[in-house]
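>>> Below are the sequence and a predicted model; questions follow.
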Amino acid sequence: MQKADGMFYAPKGKAAPVCKPGEFPIAAVGLDHGHIYGMCNGLVEAGAELRWVWDPDPAKVESFREAFPQATAAESEARVLEDASLRLVASACVPAERAALGVRVMQQGKHYFADKPPLTSLEQLEEARRAAAETGFKYMVYYAERLHSESAGLAGRLIEEGAVGRVVQVIGLGPHRINLPSRPPWFFEHERYGGIICDIGSHQIEQFLSFSGAQDAEVLAAKVANYNHKEYPGLEDFGDATLLANNGATCYFRVDWFTPDGLGAWGDGRTFILGTEGYMELRKYLDVGRDNQGDQVYLVDHEGEKHIRAEGKEGFPFFGRLIRDCLDGTETAMTQEHCFKAAEIALKAQLAARRVE
């Protein structure tokens, strides 16, 4: 698994099927972002059967089928959506197009699994919420920086066990390598990717809600900038925000496109979790200058200082839980409200952001 370019970062875990062969057929529609590989890795490892793939670009389909040869190339989106046997459609199409596709998928009687950001406007959010409520199907989101991170999984479990007491603050740092030659045109078009807080900031907001146990949060302040890419006026290369949750917890996060070429990963992603009885730091993708292995957790409590390597210990249970939720009508992976709320706060922070230079 390559770690140099976040657009094609696709973690792989161990096969842990939660359903019978053929019980959970899925399709991939829209391959504009490489996250679709990680999304499908997780679902297939949990027992999903990947039957179809479709994208208007045959080259993308060919590359996808090299990784997933079991997927049949469909001649159209309609061919996929009309397959009544499918349980779920996964998509990493252009962000501004994800909501409309999700509505079509749910109206065709299937669950939907979108890359983040799941949508790019409050109007799209309202439409998605209405369609999910009317159809009863799920509109789930690949918030990978928590769902496909064993260090984040360990942190969540430790918090549930009371390791740091009540969580009162989360600080999230989400730097990314821009790798300009690999970026498609929509990456530079604000209306199509939604802005930096809407996009990669949604990861940080979802983690805050999850780790703090909050149901909602107010945007206290937000900023965005294009500091170093003036040739792309639609791009934002920096964003940050401060949030206050409905349970009193606070959050500060920063996201940017300034990972230098010398770093051994696409970003030195870190999360700091402060509790009333201790604190944690997650070094997700490497321990810079010390160890190129990720998923390292540092925990300090009343008993002392601990360094825990989470890689290979936690797995990625979200995907199996999602499959079972779709089959059983439960909400063990992520509630629909939590999924939409993270996107809603990201959109409000993006809209409220002051532009600085």
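Good, I have the coordinates.

>>> number of nearby residues for the nearest residue to residue 225 once chain neighbours are set aside?
In space, residue 225 comes closest to residue 238 once its chain neighbours are excluded; the distance is 4.4 Å by Cβ to Cβ, 6 or more residues apart in numbering. Any C-beta I mention is one placed from the backbone N, CA and C, and that applies to glycine too. Residues lying near residue 238 (other Cβ atoms under 10 Å) number 18.

>>> measure residue 238 to residue 208 for me?
Using Cβ to Cβ, to the nearest Å, residue 238 is found at 19 Å from residue 208.

>>> do residue 186 as well
Taking Cβ to Cβ as the measure, residue 186 falls 27 Å from residue 208.

>>> Between those two, which has more neighbouring residues?
residue 208 (29 against 17).

>>> what separates the residue nearest the centre of the chain from residue 283, distance-wise?
The structure's the chain has its C-alpha centroid closest to residue 143; by Cα atoms, centre = their mean the separation is 1.8 Å. Going from residue 143 to residue 283 by Cβ to Cβ gives 19 Å.

>>> Likewise for residue 133?
39 Å.

>>> for this protein, what's the longest helix?
Ranked by residue count and defined by DSSP state H, the top helix of the chain is helix 336-352.

>>> Report the strands that pair with the helix or strand following it, each with its relative direction.
Reading on from helix 336-352 to the C-terminus, the next helix or strand found by DSSP states H and E is strand 354-356. Within its sheet, strand 354-356 is paired with strand 217-225 (parallel), according to DSSP bridges.

>>> Direction-wise, compare the partner strand with helix 336-352 and give the angle.
Put simply, strand 217-225 runs at 40 degrees to helix 336-352, going by axes from the mean of the first three to the mean of the last three Cα atoms, to 10 degrees.

>>> Give me the sheet partners of whichever helix or strand comes after strand 217-225 and which way each runs.
Scanning forward in sequence from strand 217-225 by DSSP H and E, the next helix or strand is strand 238-245. The strands beside strand 238-245 in its sheet (DSSP bridges) come out as strand 217-225 (antiparallel), strand 250-256 (antiparallel).

>>> what's the average pLDDT for the last one?
Translated: strand 250-256. Averaging pLDDT along strand 250-256 yields 98.

>>> Give me the helices and strands touching the helix or strand following it, please.
Moving toward the C-terminus from strand 250-256, the next helix or strand (DSSP H and E) is strand 270-275. Helices and strands touching strand 270-275, by 3 or more Cβ pairs under 8 Å, 6 or more residues apart in numbering; DSSP states H and E, are helix 150-160, strand 167-175, helix 201-212, strand 278-283.

>>> ok, residue 52 touching residue 64?
No. Using Cβ atoms under 8 Å as the test, residue 52 is too far from residue 64 to be in contact (10.8 Å).

>>> overlap in contacts of these two?
Shared contacts of residue 52 and residue 64, defined by Cβ atoms under 8 Å, 6 or more residues apart in numbering, comprise 28, 71.

>>> Identify each buried residue in stretch 182-201, please.
Under the neighbour-count criterion of 16 or more other Cβ atoms under 10 Å, stretch 182-201 has 183, 186-188, 190, 192-201 buried.

>>> can you check stretch 276-283 too?
278, 279, 280, 281, 282, 283.

>>> separation between the fourth one and residue 173?
The one in question is residue 281. Separation of residue 281 from residue 173 (Cβ to Cβ): 10 Å.

>>> Quickly list what's touching both of the two.
Contacts common to residue 281 and residue 173, judged by Cβ under 8 Å, 6+ apart, are 270, 271.

>>> For stretch 19-30, what does the pLDDT average out to?
The pLDDT scores in stretch 19-30 average 98.

>>> Same check on stretch 346-357?
If you average the pLDDT values across stretch 346-357, you get 97.

>>> one step back: show me which of the buried residues of stretch 276-283 is closest to residue 335.
residue 282 (22.9 Å; Cβ to Cβ).

>>> which residues does the closest one bridge with?
Residue 282 has the following beta-bridge partners by DSSP bridges: residue 271, residue 297.

>>> Test my guess that it contacts residue 158.
No. Taking contacts as Cβ under 8 Å, residue 282 lies outside contact range of residue 158: 10.5 Å.

>>> what do these two both touch?
Common contacts of residue 282 and residue 158, defined by Cβ under 8 Å, 6+ apart, comprise residue 297.

>>> hang on, the earlier thing: for residue 267, find the nearest of the helices and strands packed on strand 270-275.
Between the helices and strands packed on strand 270-275, strand 167-175 lies closest to residue 267; by Cβ to Cβ that is 4.4 Å.

>>> Other residues contacting the closest one?
Residues outside strand 167-175 that contact it (Cβ under 8 Å, 6+ apart): 145, 159, 200-201, 203-204, 207-208, 211-213, 248-259, 267-276.

>>> All set, thanks.
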